[in-house]
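# Next come a sequence and a model predicted from it.
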Amino acid sequence: MDNQSILEKIDTQRKFLDENPMLDYKKRIDALKLLYKNIKLMSGDIYDALKKDLNKSETETYMAEIGMVLNEISYMIKHIRSFSRPQRVATPLAQFHSKSYKMPCAYGMVLIISPWNYPFMLALEPMVDAIAAGNSVILKPSEISPNVSDVIAKLISKTFDKGHVDTVLGGVEECTFLLDQDFDYIFYTGSTRVGEIVMKKAAEHFTPVTLEMGGKSPCVVDETANISLAAKRIVFGKFLNAGQTCVAPDYILCDKKIKDKLVEELERQIVLQYSVDPIKNDAYPKMINKKQFDAMSKFITDENLIFGGKIDEESLKIEPTLLNSTFDDDVMKIEIFGPILPIITFDDIDEAIAKINSLSKPLALYIFSSSKTNQNKVLNRCQFGGGCINDTIIHIATPNLGFGGLKQSGIGAYHGKIGFDTFTHYKSIVDKKTWLDLPMRYQPYNKFKQFLIKMFLR
């Protein structure tokens, strides 16, 4: 898309905002209801697009993409009215007689840049939150998942006035040009490397940002864990979308006493969930492209292979793979975005915690343990975005919990009420009555006024 067309889209949205500075909550609800309806109507197109881009099955597509978006829309439709009301807060006696409240207001025009790994869900969920809060949106879906991006553009065109929500298709050039423009808020999901660029560009216009990135999310398994259940849930969370999930367990850190049993159960679960030959399983996703396929394949060697390891260049599939590993290995120096699961052992839980804390702060952390002491040690002493006790990834599937990281893994959060708040500026308002005017704040000052001020402000 050429730069002039992008500028025209931005200008259209600015005019829309000038005419609709406080979009009525009823209109927001109507827009989201139409979006819900059109997603249902276009679900076949969405299934087909995700099959082409990532080989996702209909079940996985609904569970991890369409269903997540529909759930967020339903939540917002139910709560927009209450979220949009001014929120009364207490007023100190020194401000008598007044009432104080926080007035929720949309930021304005929001730029949302979404990734390729969950190309439908990670584009539309933040968009839903932004719309619910009363903003207009320019959505830039990923060029790496072109079929889904095309479907999203058609869905948006069918559902919204271009002044309300519009899409910009294209690659790095279009994204770079968008970041040079003056938006009121930027929401980015993707790599930490690009997140740094987004933050620098936003700073040029003093634009607030939410950055949803990633990192190496550890999965701690201690000797008290239910090993068979842990393996079942780790295999689900790790190999969903062929490991191309920002909150997937990046590596296992397990007590060396239970490693052999854990590996045995992991192998059993891989076969149960993905069959003896996952590459021939039509419901098993592929790598997004050859570049990602090659990047992941190079980590599999005869020396470190425990289980799996088969690759198929034609289908771009890598079967679920377990590796013996150490923190010095190359596979432990990047975020793994594929179906490769390194396993590292520890002697005691304090050693594991110390190692996790020596690395960058992860987006997620998982602890499998029956010991409350160990659970609390990990949760209290490790810093991470969010996570689970005795499960993986499900913490992102509720609108009642915010989803986000910290420092290298992200800034800010969204989902549900927290998502509404992310795209909302709360104006602080004091409504002072006129029938009484306390004189103590006005000059000329004297001892009595000073006494009164000290009495109220302490």
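Received it, and whenever you're ready, just let me know what you need. None of these values were measured; they are calculated from a predicted model.
# Any buried residues in the lowest-mean-pLDDT helix or strand in the chain, and which?
Scoring the helices and strands of the chain by mean pLDDT, DSSP states H and E places helix 447-456 at the bottom, with a mean of 87. The neighbour-count check on helix 447-456 (16 or more other Cβ atoms under 10 Å) flags residue 449 as buried. From N, CA and C alone the C-beta is placed, and that goes for glycine too.
# list the helices and strands it packs on?
Here helix 447-456 touches no other helix or strand, going by 3 or more Cβ pairs under 8 Å, 6 or more residues apart in numbering; DSSP states H and E.
# any idea how far it is from the chain center?
51 Å (Cα atoms, centre = their mean, to the nearest Å).
# Also stretch 383-396?
So, by Cα atoms, centre = their mean, the centroid of stretch 383-396 is 13 Å from its chain's centroid.
# can you check stretch 41-53 too?
Averaging C-alpha positions (Cα atoms, centre = their mean) puts stretch 41-53 22 Å from its chain's average.
# What average pLDDT does that stretch get?
On average, the pLDDT along stretch 41-53 is 98.
# Stretch 392-412 too?
94.
# try stretch 240-248
For stretch 240-248, the mean per-residue pLDDT is 96.
# And it, what's buried?
Using 16+ other Cβ under 10 Å as the test for burial, stretch 240-248 gives 240, 241, 242, 243, 244, 245, 246, 247, 248.
# Got the domain ranges for this protein?
Using automatic domain parsing, the domain parsing of the chain gives 3-213+407-426, 218-397.
# I'd like these written out as TSV, with distance to residue 449 added.
Converted to TSV, the domains of the chain look like this (distance: least, Cβ to Cβ, whole Å):
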stretch	distance to residue 449
domain 3-213+407-426	13
domain 218-397	48
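# quick one, which of those domains is nearest to residue 437?
Residue 437 lies closest to domain 3-213+407-426 among the domains of the chain, at 9.8 Å (Cβ to Cβ).
# and the closest one, how far out from the chain's middle?
Its chain's C-alpha centre and that of domain 3-213+407-426 lie 12 Å apart, by Cα atoms, centre = their mean.
# out of the domains of the chain, which comes closest to residue 450?
With Cβ to Cβ as the criterion, residue 450 lies closest to domain 3-213+407-426 of these, at 13.7 Å.
# hang on, the earlier thing: now the least confident helix or strand of the chain - C-alpha only, PDB.
Output in PDB follows, covering the C-alpha atoms of helix 447-456 (Å, rounded to 0.1, in the frame of the first residue of the first chain):
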ATOM      1  CA  LYS A 447      -1.400  32.200  61.600                       C
ATOM      2  CA  PHE A 448      -5.100  31.100  61.700                       C
ATOM      3  CA  LYS A 449      -5.100  30.100  58.000                       C
ATOM      4  CA  GLN A 450      -1.800  28.200  58.500                       C
ATOM      5  CA  PHE A 451      -3.400  26.400  61.500                       C
ATOM      6  CA  LEU A 452      -6.400  25.400  59.400                       C
ATOM      7  CA  ILE A 453      -4.300  24.200  56.500                       C
ATOM      8  CA  LYS A 454      -2.200  22.000  58.800                       C
ATOM      9  CA  MET A 455      -5.300  20.600  60.400                       C
ATOM     10  CA  PHE A 456      -6.700  19.500  57.000                       C
END
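# Can you give the contact residues for that helix?
The contact list for helix 447-456, computed with Cβ atoms under 8 Å, 6 or more residues apart in numbering, reads 92, 93, 94, 439, 440, 441.
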